[in-house]
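Chemist: Structure here, sequence nowhere to be found:
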């Protein structure tokens, strides 16, 4: 059982000041919401309608991947009712059941990314590690050999079925998107998907309770995701931010949309033509927030390197190859700190 105190307990206790281990250093603290760009169209994460004609979809994906590393998709084929029901059950799990029941599904301590209910994702021996103002439940969903619903809550009653159905839908969408991304680079459709191999998929529901001092905390520290592609849905509260041209921009919730975040292995495979998205979550004092991220990663034994079709004498490899399991170990032991683990693989060119 993970030993960390759940953030929800702190929030419900009515504290007026956050404990010191949640206070970010001044340079990492969020800008007050009033000063953050949220409404200008030029600062909005692109939204791509997948029902449009294929050539226009590919062109839109190319621009979004080059400029943002992130984009919304609409008309994506995932049933809206499934998304709504999943969000509802996650909110119910966090809010409607006694803590003693939820703790029966607690993460194992001192294991990075162990499945279950937790609050502290990184494993570090350093006492000065700043904690995120977040609780979460992580599910191992693919391959099917990793999917064991007995590790997932049995409440609400349909919880396990919803997670399994959502996992299957996300796999189909992730494969479709990786094919489109490949084609947007002039590659054969299967190129990135083949480089990534069989998906190792995790679904993480993140719950951000109200915070008495949101100006001092982060719900999730700045990072890029370590795998290949992340698909995220959120509620209508808002708090996810992406880093664009040195500024943090709030991703406004878009009804029924799914947010696509390119991750580090895709940046390596595309030889840096498409960059992974650095993002973070901020908190607020008024209302809890929920997001659900579905991560699609390579197998840990797989070696990732730039696609051969994107490497030439005039375009040499920008990244050294890496065994994905080694990359994961570095990410969890050293911490992400933006893209420092990816930057460590950059070659002199």
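Modeler: That came in fine, so what should we check first? In this text, all values refer to a predicted model and were calculated from it rather than measured experimentally. Numbering: from 1, shown residues only.

Chemist: what about the spatially most central residue of the chain, which SS state?
Modeler: Residue closest to the mean C-alpha point of the chain, counted by C-alpha atoms, centre = their mean, is residue 293 at 5.0 Å. Here residue 293 is strand, with the state taken from DSSP: H, G, I helix; E, B strand; the rest coil.

Chemist: Could you list which residues are in contact with it?
Modeler: Residues near residue 293 by C-beta atoms under 8 Å, 6 or more residues apart in numbering: 203-204, 206, 230-232. For glycine as for every other residue, the C-beta is placed from the backbone atoms N, C-alpha and C.

Chemist: who's it bridged to?
Modeler: Taking DSSP bridges, one finds residue 204, residue 232 as the beta-bridge partners of residue 293.

Chemist: ok so, going back, columns distance to residue 151 and pLDDT on top of the contacts of residue 293, output as a markdown table?
Modeler: Shown next, in a markdown table, are these (distance: C-beta to C-beta, whole Å; pLDDT from 0 to 100):
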| residue | distance to residue 151 | pLDDT |
| --- | --- | --- |
| 203 | 12 | 98 |
| 204 | 14 | 98 |
| 206 | 18 | 98 |
| 230 | 21 | 98 |
| 231 | 22 | 99 |
| 232 | 22 | 98 |
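
Chemist: Give the ChimeraX command for selecting the buried subset of the residues you listed.
Modeler: Command for ChimeraX that selects the buried part of those, burial taken from 16 or more other C-beta atoms under 10 Å:
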select :203,204,206,230,231,232
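
Chemist: May I ask which two of the contacts of residue 293 are separated the most?
Modeler: For these, the farthest-apart pair by C-beta to C-beta is 206 and 231; their separation is 13.9 Å.

Chemist: Mind jotting down where the helices sit in the stretch 151-300 of the chain?
Modeler: Here the stretch 151-300 of the chain has its helices, by DSSP state H, counting those that start in this stretch, at 159-184, 191-196, 264-269.

Chemist: Using TSV, lay out the contacts of residue 293 together with distance to residue 12.
Modeler: Shown next, in TSV, are these (distance: C-beta to C-beta, whole Å):
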residue	distance to residue 12
203	25
204	22
206	17
230	30
231	31
232	26
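
Chemist: between the contacts of residue 293, which is nearest residue 99?
Modeler: Taking those together and measuring to residue 99 by C-beta to C-beta, the closest member is residue 206, at 17.6 Å.

Chemist: surely that closest one meets residue 291?
Modeler: Yes - using C-beta atoms under 8 Å, residue 206 is in contact with residue 291, at 5.0 Å.

Chemist: Show me whatever sits in contact with both of these two.
Modeler: residue 281.

Chemist: before we move on, the earlier item: so which of the helices of the stretch 151-300 of the chain is the most packed in?
Modeler: helix 264-269 (a mean of 27; mean count of other C-beta atoms under 10 Å).

Chemist: For it, name the packing helices and strands.
Modeler: Packing partners of helix 264-269 (3 or more C-beta pairs under 8 Å, 6 or more residues apart in numbering; DSSP states H and E): helix 191-196, strand 303-304, helix 324-334, helix 340-343.

Chemist: quick one: which of the ones you listed is nearest residue 53?
Modeler: That would be, of those and by C-beta to C-beta, helix 191-196, which comes in at 22.1 Å.
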